[in-house]
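In: Could you work out the structure for the sequence below:
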Amino acid sequence: EFAVEPELVLLDMQSVPAGQEGWLAFDVTSASNHWLVHPRSNLGIRLYVETEEGGAWIGLVGRRGPRSKQPFMVTFFRENQIPCRPPRAAKPHPRKRKPKYDLPVPNFKGYSENRGQPCKKHELYVSFSDLGWKDWVLAPTGYSAYYCDGECFYPLGACMNATNHALIQQVVHILKPDEVPKACCAPTKLSPISVLFYDDNNNVILKKHRNMVVKTCGCL
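Out: Next comes the predicted model:
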């Protein structure tokens with residue numbers, strides 16, 4: 001019996017001058033996406049280096065090399081957004097779920113307002129190239145930052161993730177619309193991302209930057 005070597009798929013390729021120093025970033029998104037769906041297909045990544053004449057002559061750092069020069073993978077995942085619907089009148093139910101706030105909600109009979117889209121998270125992809133940062137940011141080339149937008153309706157439903165302060169402000173706004181604004185749609189939870197970049201001394205740095213990605217939105 002003969003062992004059949006798995007078919008190799010070209011993921012990325014770069015031409016590098018002989019005197020270049022620093023890290024090289026390769027896009028292996030297609031392979032990682034395939035591995036998530038078919039884990040058994042993950043047979044690793046092969047790196048092949050050759051000169052213009054076709055001969056391999058460069059040395060590579062192995063697992064026993066210094067940790068500062070070990071290769072690594074940076075991955076980003078896109079979060080699914082659960083749509084948030086505006087609150088609507090419902091019949092009283094003995095097991096009705098209690099809102100996160102335990103303050104009494106005034107009943108403003110006859111009160112109405114122009115309703116648009118409710119406060120929720122929206123797509124926003126930030127390209128570091130568009131920001132003029134491509135010369136010092138190595139990876140990623142961009143990321144999904146998201147943003148919050150929409151109206152905070154009265155009464156503030158559970159899907160609007162409102163604070164007690166927002167509830168009080170919304171009530172006061174109804175009583176004094178010219179003095180107090182409505183509650184604002186803003187991020188209530190954010191997460192970091194890791195960025196590989198050059199510092200002022202041209203050293204390659206991997207740093208986790210806080211509060212870069214909107215996870216949830218709410219009325220504040």
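
In: by contact count, what packs against the lengthiest helix in the chain?
Out: For the chain, the longest helix by residue count, based on DSSP state H, is helix 164-175. For helix 164-175, the elements it packs on are strand 204-219, judged by 3 or more C-beta pairs under 8 Å, 6 or more residues apart in numbering; DSSP states H and E. Quick note: C-beta positions are derived from backbone N, CA and C, even for glycine.

In: Okay, now the sheet partners of the strand it packs on, with direction.
Out: strand 185-198 (antiparallel) (DSSP bridges).

In: Buried ones in the strand it pairs with, by neighbour count?
Out: 185, 186, 187, 188, 193, 194, 195, 196, 197 (16 or more other C-beta atoms under 10 Å).

In: ok, of those, which one's closest to residue 146?
Out: residue 187 (8.3 Å; C-beta to C-beta).

In: where does the protein dip in pLDDT?
Out: 1-6, 21, 54-60, 68, 72-115, 157 (pLDDT under 70).

In: What ranges does it have for its helices?
Out: So, for the chain - with DSSP H - the helices run 29-37, 164-175.

In: Switch the ones you listed over to JSON lines; also include mean neighbour count.
Out: Converted to JSON lines, the helices of the chain look like this (neighbours: other C-beta atoms under 10 Å):
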{"stretch": "helix 29-37", "mean neighbour count": "12"}
{"stretch": "helix 164-175", "mean neighbour count": "17"}
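
In: May I see those helices organised as JSON lines, with distance to residue 145 added?
Out: Supplementary listing: those in JSON lines, determined by distance: least, C-beta to C-beta, whole Å:
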{"stretch": "helix 29-37", "distance to residue 145": "18"}
{"stretch": "helix 164-175", "distance to residue 145": "23"}
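
In: Ok, which of the ones you listed comes nearest residue 10?
Out: Here helix 29-37 is closest among those (C-beta to C-beta), at 10.1 Å.

In: Restricting to C-alpha, output the closest one in PDB.
Out: What follows is helix 29-37, C-alpha atoms only, in PDB (Å, rounded to 0.1, in the frame of the first residue of the first chain):
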ATOM      1  CA  THR A  29      -8.800  32.800   6.400                       C
ATOM      2  CA  SER A  30     -10.100  30.300   3.800                       C
ATOM      3  CA  ALA A  31      -8.200  27.500   5.500                       C
ATOM      4  CA  SER A  32      -9.400  28.400   9.100                       C
ATOM      5  CA  ASN A  33     -13.000  28.700   7.900                       C
ATOM      6  CA  HIS A  34     -12.800  25.300   6.300                       C
ATOM      7  CA  TRP A  35     -11.300  23.800   9.500                       C
ATOM      8  CA  LEU A  36     -14.300  25.200  11.600                       C
ATOM      9  CA  VAL A  37     -16.700  23.300   9.400                       C
END
